[in-house]
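[1] got a predicted structure here, sequence first:
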Amino acid sequence: MEREASATYEPKRNSEIRVFESPDEMSTDLAEYISQISEISVKERGYFAIALSGGPLIPVLNGHVYSINDNATVEDAATDYEFVIRQLVKARTIDVSESNDCPKFDLILLDMGSDGHVASLFPNHPALELKDDWVTYITDSPELPPERITFTLPVINSASNIAILATGNDKAKAVQLAISDSTEDPDTPLSLPARMVQPTDGKLIWFLDKAAASSLEIKDDAPFEHHEY
């Protein structure tokens, strides 16, 4: 492992970037990262609560998953799923945030799209503005399927740990815009969902391959890891 740095990028508070040479190396490090958080959470609380967005992130045994009911309408499914999460919080299977009473997952694992969307929160969508709902639904997704259910930003940002994965050249511009700390650049959309992921009392780690990280320039004292094996 060696550390690479150049000159212009400084990450946000409580954030870290990890860049990998291959998908296998990223998967190995991500698995170790999840294992470490799981072990700490179980020792501290007796539970490990992880939230996974859709897509091929991790295969998980069905008996350990509280999934969304895909046989109901999206409105009913969102209502039912929020009820399930509230029951898990009530039972303290999921911790609760002290700052806003949202569920405080030990880890939320997200995959970022080339447009900078995370979960099913898309750029400039009204769902980004929701403050009180834990779970919401959309019927006008710019990507298939059009009907989706998603956690809201307050829930995502209440997590103890958040990991965002991005791979490929098509993600490079969105990664740069999401991670950049500049608010003066007119090309930096402040409503980019991935950019709005800012843990309230937790830590954010980006897991990137070299292609997705190709537009970043890292400041000398930034908490940046470049992995070579």
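    Looks like it arrived, so ask away. Numbering: from 1, shown residues only.
[2] give me the contacts around the helix or strand harbouring residue 162.
    Assigned by DSSP states H and E, residue 162 belongs to strand 161-166. The contact list for strand 161-166 (Cβ atoms under 8 Å, 6 or more residues apart in numbering) reads 26, 30, 33, 37, 57, 106-112, 118, 156, 174-175, 178, 194, 197, 199, 202-209, 212. Where C-beta positions appear, they are placed from N, C-alpha and C, glycine not excepted.
[3] put the buried members of the residues you listed into a ChimeraX selection.
    This is the ChimeraX syntax for the buried subset of the contacts of strand 161-166, where burial follows 16 or more other Cβ atoms under 10 Å:
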select :26,30,33,37,106,107,108,109,110,111,112,118,156,174,175,178,194,197,199,202,204,205,206,207,208,209,212
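[4] how about the backbone phi and psi for residue 168?
    phi 100, psi 150 (degrees, to the nearest 10).
[5] next one: residue 19
    Dihedral angles (degrees, to the nearest 10) for residue 19: phi -120, psi 130.
[6] state the distance from the residue lying closest to residue 194 once chain neighbours are set aside to residue 167.
    Spatial nearest neighbour of residue 194, chain neighbours left out: residue 178 (3.8 Å); criterion: Cβ to Cβ, 6 or more residues apart in numbering. Look at residue 178 and residue 167: by Cβ to Cβ, to the nearest Å, they are 14 Å apart.
[7] can you check residue 69 too?
    In terms of Cβ to Cβ, residue 69 sits 30 Å off from residue 167.
[8] any regions of this protein where pLDDT drops low?
    1-13, 54-58, 60-63, 181-190, 218-229 (pLDDT under 70).
[9] all strands for it, in order.
    15-20, 50-52, 95-96, 103-104, 107-111, 135-138, 148-151, 161-166, 203-209, 224-227 (DSSP state E).
[10] identify the residue spatially nearest to residue 124, adjacent ones excluded.
    residue 191 (5.4 Å).
[11] okay, buried residues for the top helix by length along the chain please.
    In the chain, assigned by DSSP state H, the helix with the most residues is helix 23-45. Buried residues in helix 23-45, counted by 16+ other Cβ under 10 Å: 25-26, 29-30, 33-34, 37-38, 41.
[12] ok, those residues vs residue 137, which is closest?
    Relative to residue 137, the closest of these is residue 34; by Cβ to Cβ it sits at 27.6 Å.
[13] touching, that closest one and residue 52? I think so.
    No. Residue 34 lies out of contact with residue 52 (Cβ atoms under 8 Å); the separation is 10.3 Å.
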